[in-house]
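Enquirer: build me a structure from this.
(2 chains)
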Number of protein chains: 2
Amino acid sequence: MNFPDYAKKYISKINSEIKLIWSCKKTNNSFLKDFYAESTEYFLAGGKRIRPLLTIATFNAFTSELDERIIRPSVGIEFIHNASLIHDDIIDKDELRRGKPTFHTRFFNYHNKYNLKKMNASDFGISIGIIGGDVAFFTGLEVYLINDFGRNLNLNAINLYKTAFLEIADGVLIETDMVNQKNLIISDYIDMIALKTGALIEKSVLIGANYAKVDQKLYKALSTYGKNLGIIFQIIDDILGTYGDEKITGKPTDGDIREGKRTCLLIFALENLDIPKRKKLLELIENPEMTHEDVKDVKELFNDANVIDLCNNLANSYYQEAKESLDYLHTEINESEAEFFNTLLDFVSKRKY
Amino acid sequence: MNFPDYAKKYISKINSEIKLIWSCKKTNNSFLKDFYAESTEYFLAGGKRIRPLLTIATFNAFTSELDERIIRPSVGIEFIHNASLIHDDIIDKDELRRGKPTFHTRFFNYHNKYNLKKMNASDFGISIGIIGGDVAFFTGLEVYLINDFGRNLNLNAINLYKTAFLEIADGVLIETDMVNQKNLIISDYIDMIALKTGALIEKSVLIGANYAKVDQKLYKALSTYGKNLGIIFQIIDDILGTYGDEKITGKPTDGDIREGKRTCLLIFALENLDIPKRKKLLELIENPEMTHEDVKDVKELFNDANVIDLCNNLANSYYQEAKESLDYLHTEINESEAEFFNTLLDFVSKRKY
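Expert: Residues are numbered from 1 along each chain as shown, chains lettered A, B, ... in the order given. Okay, the predicted model is just below:
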């Protein structure tokens, strides 16, 4: 079954499970009720659900009969994903995500709506956002504690859950510091995004493999597929962040440049431009207050260095490796999920949003 | 063995374990190395380690021989405790804790030291602080995944770990909203602090009980002891927050009043003052910019309502209940740990810092 059909088949089940796990907490406190209602809306407001789908498909790839037990543990990683987005949006001061208010902005609006007095609305939004993200991190654990699998498999899954976040955090910390680095090479970038974006997608696959009791030799190929899918996802994300269609992506195309973010675009440009142009580019991006004109100049230097082609070639090398892993797995997995893995890989590589 | 001797016996073992678990992550990245070095210093900078000591003592209370296996899982909850403090200090914009820089302030200073350009120091400190707290939440899980106990006991401990944080978060969320409430009664306060402070101390006890395989009837008494110890801890904390000796507590005595924090002092004052004085008190604390004179006026109204005695009586009722639980447990537990539980209860009830 191809990726869009697979998504169509499972997405409402995934969303119901997320809602069930998030809002099962009973409370009499009126603010807690509001907190869970407002945040449930946030958790259900879109998202492609690629991570739960990967857990489900990996599990199904090795089972002969339809087995819906996997739906519950498939949503664990989605809580890490959302919690990270909540905290990232606070750090980046973003007010919109997927065209809707970010988590902390929702509580900023809540504060204004009720005209609360003592704390200001911005501090209130950020406070509830920090704690809300923390709650999501812990709520994700819930799915491995009450389900229809045994304790051994659940403890393995918790280990993967923990490792996934610790790898993301390393990636994000490395990235936060990278903005101060001038002599990066593209392998530094790959190491960083393999942690920041690859880890969570890889662990989604491995959690599915764990519950399906996949043996070690196939585990490696599944890990490569997942990690590479994440790496490609991030490379395309960087390209779309500067060259995407704002109307489709919903993101402004000057954000990454203004932040001086060490995207593959910037690193390839710094690697490939001649010395005067490289110097000019560094000067432009080190300025904390870039003008509209500065951003345009940066894009021109990017074009001079032919960065889009270089990034697409980079993505393609990870695409080829992922394809090889899928070829290796082909005889061992169900046809329907083989098609899912292949079409998802194509979707992620060619996506425009 | 009394509480100070028990602490003396175990504190260096607890600290070594915290250091081992926190800094075991191998990395070649120079910023990650700095991150772990700086934050290790933070984790080891003092703290009474009451939570790990409670896990160790509860376990030892039911074992006949010295068993050091409990030291590793005893530090899990300490990571939740520290992670919560890291995030709280960001929310409250506090720069000092235990007389030393808070976590995010350390990275604010780090940014200034290296004169990093692109992001400002305050945003950098807060970013690293949010992520650093998240890392600590996940690192705490580590102690239940690699230790010398079986998988069943470890999965139970993870369940307690998760519940502990979700209860804290409910408490903190309720407290964040309470600042907007005018008609609180003291039982609202108790419900809130039982979650915010009681849960973590209770779960420290219960994790020890879990590993000692304590049976259900004793579990209840241990739970009451732990929860009440936390409630008393918070009541005394509130008293010291306004009436403590700044030189001993290291905290300014006007902070809670300025924030309009719903302490037991404030709630008792609002409950017990006559209508004109109550109105005056509400006016004073609703002002977001209180003067020095306003704070003095609030303290005078507190004194009029005799709040210190009321709070001490409140603490005493939880003290008596905790004592009853210890009496019930007395014949079932080792003498040495019975002494620890009793002397810790006295210490927490009478502490000046």
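
Enquirer: number of nearby residues for A:Thr58?
Expert: A:Thr58: 28 surrounding residues under other CB atoms under 10 Å in any protein chain shown. Any C-beta I mention is one placed from the backbone N, CA and C, and that applies to glycine too.

Enquirer: number of residues surrounding the nearest residue to it once chain neighbours are set aside?
Expert: Distances taken as CB to CB, 6 or more residues apart in numbering or on different chains place A:Gly208 nearest to A:Thr58, at 2.9 Å, with adjacent residues excluded. For A:Gly208, the neighbour count with other CB under 10 Å is 28.

Enquirer: for the one 5 residues further on, same thing?
Expert: Burial measure for A:Lys213: 12 neighbouring residues, criterion other CB under 10 Å.

Enquirer: is it correct that it falls within a strand?
Expert: No. Applying DSSP: H, G, I helix; E, B strand; the rest coil, one finds A:Lys213 to be coil, outside a strand.

Enquirer: how near is the residue nearest to A:Thr58 to chain B?
Expert: To chain B, A:Gly208 is 20 Å away according to CB to the nearest CB, to the nearest Å.

Enquirer: and if you look at A:Thr242?
Expert: 17 Å.

Enquirer: so what's the residue nearest to A:Thr58 scoring on pLDDT?
Expert: A:Gly208 is assigned a predicted lDDT (pLDDT) of 98.

Enquirer: can you check A:Thr27 too?
Expert: On the pLDDT scale, A:Thr27 is placed at 82.

Enquirer: that one in helix, strand or coil?
Expert: coil.

Enquirer: and the residue nearest to A:Thr58, what element?
Expert: Element membership for A:Gly208, per DSSP states H and E: helix A:199-211.

Enquirer: please save the CA atoms from that helix in CSV.
Expert: Below are the C-alpha coordinates for helix A:199-211, written out as CSV (Å, rounded to 0.1, in the frame of the first residue of the first chain):
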residue,chain,number,x,y,z
ALA,A,199,17.3,9.8,15.6
LEU,A,200,13.5,10.2,16.1
ILE,A,201,12.6,8.7,12.7
GLU,A,202,15.1,5.9,13.2
LYS,A,203,13.7,5.1,16.6
SER,A,204,10.1,5.1,15.3
VAL,A,205,11.2,2.3,12.9
LEU,A,206,13.1,0.5,15.6
ILE,A,207,10.2,0.6,18.1
GLY,A,208,8.1,-1.1,15.5
ALA,A,209,10.9,-3.7,14.9
ASN,A,210,11.2,-4.3,18.6
TYR,A,211,7.5,-5.2,19.1
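
Enquirer: what about that helix, distance to the chain center?
Expert: Counting by CA atoms, centre = their mean, to the nearest Å, helix A:199-211 is centred 14 Å from the centre of its parent chain.

Enquirer: mean confidence score for the helix or strand following that helix?
Expert: Downstream of helix A:199-211, the next assigned helix or strand under DSSP H and E is helix A:216-243. Mean pLDDT, helix A:216-243: 96.

Enquirer: next: stretch A:301-312.
Expert: 97.

Enquirer: buried residues in it?
Expert: By neighbour count on 16 or more other CB atoms under 10 Å in any protein chain shown, the buried set for stretch A:301-312 is A:301-302, A:305, A:307-308, A:310-311.

Enquirer: got these as TSV, with distance to chain B and secondary structure columns?
Expert: Conversion of those to TSV gives the following (distance: CB to the nearest CB, whole Å; DSSP: H, G, I helix; E, B strand; the rest coil):
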residue	distance to chain B	secondary structure
A:Leu301	18	helix
A:Phe302	18	helix
A:Ala305	21	coil
A:Val307	20	helix
A:Ile308	24	helix
A:Leu310	24	helix
A:Cys311	22	helix
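
Enquirer: who are the packing partners of the helix holding A:Gly208?
Expert: helix A:50-61, helix A:71-74, helix A:76-91, helix A:151-178, helix A:216-243 (3 or more CB pairs under 8 Å, 6 or more residues apart in numbering or on different chains; DSSP states H and E).

Enquirer: okay, the shortest one in PDB with CA atoms only?
Expert: In PDB, the C-alpha atoms belonging to helix A:71-74 read as follows (Å, rounded to 0.1, in the frame of the first residue of the first chain):
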ATOM      1  CA  ILE A  71      -1.400   1.600  17.400                       C
ATOM      2  CA  ARG A  72      -1.000   2.500  21.100                       C
ATOM      3  CA  PRO A  73       2.800   2.300  21.300                       C
ATOM      4  CA  SER A  74       3.100   4.000  17.900                       C
END
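
Enquirer: so what's A:Thr263 up against?
Expert: Applying CB atoms under 8 Å, 6 or more residues apart in numbering or on different chains, one finds that A:Thr263 lies in contact with A:189, A:238, A:241-242, A:256.

Enquirer: next one: A:Lys261
Expert: By CB under 8 Å, 6+ apart, the neighbours of A:Lys261 are A:175, A:179, A:241, A:255.

Enquirer: what about 10 Å?
Expert: Taking CB atoms under 10 Å, 6 or more residues apart in numbering or on different chains, we find A:Lys261 in contact with A:175, A:178-179, A:238, A:241-242, A:255, A:285, B:118.

Enquirer: now do A:Glu283
Expert: A:Glu283 neighbours (CB under 10 Å, 6+ apart): A:294, A:297.

Enquirer: show me the helices in the stretch 1-150 of chain A, by range?
Expert: Per DSSP state H, counting those that start in this stretch, the stretch 1-150 of chain A has helices spanning A:3-22, A:30-44, A:50-61, A:71-74, A:76-91, A:103-114, A:121-145. These are given in chain order.

Enquirer: could I get those helices as CSV with mean pLDDT and distance to B:Leu20?
Expert: Listed next are these as CSV, based on pLDDT from 0 to 100; distance: least, CB to CB, whole Å:
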stretch, mean pLDDT, distance to B:Leu20
helix A:3-22, 97, 33
helix A:30-44, 93, 36
helix A:50-61, 98, 32
helix A:71-74, 98, 30
helix A:76-91, 97, 25
helix A:103-114, 92, 35
helix A:121-145, 96, 23
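
Enquirer: for the ones you listed, which one sits closest to B:Ile126?
Expert: B:Ile126 lies closest to helix A:76-91 among the helices of the stretch 1-150 of chain A, at 7.3 Å (CB to CB).

Enquirer: the closest one: how far from the chain's middle?
Expert: 9 Å.

Enquirer: check whether that helix comes near chain B.
Expert: Yes. On the criterion CB under 10 Å from any CB of the partner chain, helix A:76-91 is in touch with chain B at A:80, A:83-84, A:86-88, A:90-91.

Enquirer: for A:Glu321, grab the count of nearby residues.
Expert: Neighbours of A:Glu321 (other CB under 10 Å): 16.

Enquirer: wait, it sits on A:Gly226?
Expert: No. Counting by CB atoms under 10 Å, A:Glu321 sits too far from A:Gly226 to count as a contact (11.8 Å).

Enquirer: all good on my end, thank you.
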